[in-house]
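Q: Structural data only, the sequence is not supplied:
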């Protein structure tokens, strides 16, 4: 027979699980890691209080964006196997409860980032607005939604630099462009894998609307530009953001691997190759950020 403590623990575990699903916890953590990488690239000495504010505020803003997104798409999420078990479509949570969570997270996020500087709070607020109010409704109207969504998705990497310096210049601009272009092959790989479910829900995610040569070519095209931008800091035209020749070698190696799998998708046009490209894209952006940071620590 279950005692009260066991029941309470089980309920708390379910509440926590629902919160993680609502805020897309793993995605939010990866976004925060991106912001922290941008912060490390900008500073010579770490201010742990600012780092804490960036972590808390960044998670709150990304989490809020995901909450609002799921509120608006709760009926559509019921149509897809990947999302039908989320708290809102499964009706484990009421919409007003989710809205309250989203508002509280937004307030926490803006306040935390404002304590760093107003520019950081501003860019994070713009990111949440673009993701919630433009990208989310456009997904059912046009494949250009991915282009719009790439703007808020590219902000976290540069946000760390802005948090550290209270400035927006060539350095955070390059970090923004790197993550901006990376998102096209990344999300089109997801769109390729999820195409049937997205069509069922009315989402238009692939650039041509189909899993065809046009979509595959554009994936290769944007992968190439991602790699090109990733090596720009080696040219030393990007202010205080630069990488050594040692880092350049590793960046090129990961870039070639990334481009290889993009070409494989263009040639073979299979879901398996799309899945491989998706995995490689995640490895690529993670490793590029790690290489940039380690290079700064070891060789600068």
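A: Perfect, thanks for sending it. Small disclaimer: the values here were computed from a predicted structure and weren't measured. Numbering: from 1, shown residues only.

Q: and residue 270, how far is that from residue 83?
A: 24 Å (CB to CB, to the nearest Å). Bear in mind the C-beta positions are built from the backbone N, C-alpha and C, glycine included.

Q: swap in residue 260?
A: For residue 260 relative to residue 83 (CB to CB), the value is 31 Å.

Q: Specify which residue of the two has the higher count of neighbours.
A: residue 83 (20 against 13; other CB atoms under 10 Å).

Q: How is the more buried one assigned, secondary-structure-wise?
A: coil (DSSP: H, G, I helix; E, B strand; the rest coil).

Q: show me the contacts for it.
A: 73, 77, 89 (CB atoms under 8 Å, 6 or more residues apart in numbering).

Q: between those residues, which is closest to residue 60?
A: residue 73 (20.5 Å; CB to CB).

Q: Helices of the stretch 1-150 of the chain, start to end?
A: For the stretch 1-150 of the chain, the helices defined by DSSP state H, counting those that start in this stretch cover 4-23, 25-42, 48-72, 74-77, 95-116, 118-129, 136-138, 145-165.

Q: Quick one: work out the angle between the second one and helix 118-129.
A: Translated: helix 25-42. Counting by axes from the mean of the first three to the mean of the last three CA atoms, to 10 degrees, helix 25-42 lies at 150 degrees to helix 118-129.

Q: Who are the packing partners of helix 25-42?
A: helix 48-72, helix 145-165, helix 170-193, helix 271-299 (3 or more CB pairs under 8 Å, 6 or more residues apart in numbering; DSSP states H and E).

Q: Can you tell me how far residue 254 is from residue 290?
A: 10 Å.

Q: Between those two, which has more neighbouring residues?
A: Shown here are residue 254 and residue 290; by other CB under 10 Å, residue 254 has more neighbours (19 against 13).
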